[in-house]
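In: Here is the input, now give the coordinates:
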Amino acid sequence: MKKWLRLFLFASLIGFIFPEREALAAPTYNKEDVQRLALYKKMETVSSIPWYYFAGVDQYERSVRRARRDLPDAYGLVGIYFSPIQWSGPLNPNMEDKSPDSIRIFGGAGMDGNNDGVADRNNDEDLLYTFANIIQKYGFDQENFKIGLWEFYRRDKAVSIIMENAQIYKAYGTVALNQHAFVVPLRSNYSFKNTWGDRRGYGGLRIHEGTDIFADYGVPVKATSYGIVEIKGWNRFGGWRIGIRDINNVYHYFAHLSSFNKSIEKGSIVQPGMVVGYVGSSGYGPPGTSGKFPPHLHYGMYRDNGYTEWAFDPYPYLRAWERQERTAARLHR
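Out: Got it, this is the predicted structure:
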């Protein structure tokens, strides 16, 4: 019994000294996740395009459709969108044409992916098969897939986001990656309120695009979502900062850090709860400037809609993730 007690105390001490060893979020599966993954893998068999590329494209399209009002909501499991003109052909008199033969005659993209004799742009398999047919023309390897994506979207940012999504899905082998974590450990001494839109004067009059979480120097800063590091380094406003894009096409901005987790670099894949840096007061000057304001984390969120990117208020999300983490902690006591 004493041996087990000593082991328990040692493990607790390690957790206190190395807070980055806190339990990380684990994927939770639902019926839709399982069905989506099955569809991607089925299309991989048919097309030889890896399933995680389909997942990356589909997740990008799902996110864009949620962010825009000019696109209809996704009908089924697959979010990839073809307009009636793209699907049926620009000269087709029937914009709701579902005949593969007449669609082909009028130069439409729509194809029958499940061999039922119908090319339905609201059918998941038809959508994936049609997209695969377009991309296949450029090749199956990563570079040619990127070329195919650029020809389809004509936007470098779309290509990079899709490839980042694919990397994340490949790394975890699942699409069930919707968990989140609060940005600092709950046991740390922190406080925050809604500072969205407050005036800022350094570098010119501007509004505050984020939430400030005040905490002591060195408090661990955690990734809030599954994502990939796009930026790491110095910014004269944000000091030592790191930028992470998640699979929902949201860019998470962590600023005024005192230092980074040395194991994380640009291109690193992160998951909720993983320590990415530590609270500080860096910024408002050339590299190394620190101490011009109390230590805190500036946390910002930016959404991309396929055309542009804009900031939105992270405060409600932070409160929700804080509540979720407190609830989970109580349940596991």
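
In: Now do stretch 211-219: distance to the chain's middle.
Out: 24 Å (CA atoms, centre = their mean, to the nearest Å).

In: gap between the two ends of it?
Out: In stretch 211-219, first residue to last residue: 17 Å (CA to CA, to the nearest Å).

In: what mean pLDDT would you report for that stretch?
Out: Per-residue confidence for stretch 211-219 averages out to 96 on the pLDDT scale.

In: Can you give the contact residues for that stretch?
Out: Contacts of stretch 211-219 with the rest of the structure, by CB atoms under 8 Å, 6 or more residues apart in numbering, involve 183-185, 188-192, 194-196, 258, 278-281, 294-300, 313-315, 318. Every C-beta, even on glycine, is put in place using the N, C-alpha and C of the backbone.

In: Please flag which of these sit within helices.
Out: Using DSSP state H, the members of these that fall in helices are Y315, L318.

In: Go through the contacts of stretch 211-219 and flag which are in strands.
Out: Residues of the contacts of stretch 211-219 located in strands (DSSP state E): Y190, S191, F192, S258, Y278, V279, H296, L297, H298, Y299, G300.

In: just to revisit the earlier point, show the buried residues in the contacts of stretch 211-219.
Out: When neighbours are counted using 16 or more other CB atoms under 10 Å, the contacts of stretch 211-219 contain these buried positions: 183-185, 190, 192, 195-196, 258, 278-281, 295-300, 313-315, 318.

In: ok so, going back, if we take the ones in strands among the contacts of stretch 211-219, which one ends up nearest to R121?
Out: Within the ones in strands among the contacts of stretch 211-219, proximity to R121 (CB to CB) peaks at G300, which comes in at 36.6 Å.

In: OK, contacts around that closest one?
Out: In this structure, G300 makes contact with E209, G210, T211, H252, Y253, A255, A311, P314, judged by CB under 8 Å, 6+ apart.

In: where does it sit relative to P185, distance-wise?
Out: Computed as CB to CB, to the nearest Å, the G300 to P185 distance reads 20 Å.

In: how about the helices in the stretch 51-200 of the chain?
Out: Along the stretch 51-200 of the chain, the stretches classed as helices by DSSP state H, counting those that start in this stretch are 51-67, 84-88, 100-105, 124-136, 142-153, 156-172.

In: can you list those helices in TSV and add mean pLDDT and mean neighbour count?
Out: Conversion of the helices of the stretch 51-200 of the chain to TSV gives the following (pLDDT from 0 to 100; neighbours: other CB atoms under 10 Å):
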stretch	mean pLDDT	mean neighbour count
helix 51-67	96	23
helix 84-88	97	19
helix 100-105	97	16
helix 124-136	96	22
helix 142-153	94	17
helix 156-172	97	19
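
In: Adding distance to R241 as columns, could you present these in JSON lines?
Out: Output for the helices of the stretch 51-200 of the chain, formatted as JSON lines (distance: least, CB to CB, whole Å):
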{"stretch": "helix 51-67", "distance to R241": "23"}
{"stretch": "helix 84-88", "distance to R241": "40"}
{"stretch": "helix 100-105", "distance to R241": "49"}
{"stretch": "helix 124-136", "distance to R241": "35"}
{"stretch": "helix 142-153", "distance to R241": "28"}
{"stretch": "helix 156-172", "distance to R241": "18"}
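
In: K42: which of those helices is closest?
Out: Closest approach to K42 among the helices of the stretch 51-200 of the chain is made by helix 124-136 (7.7 Å; CB to CB).
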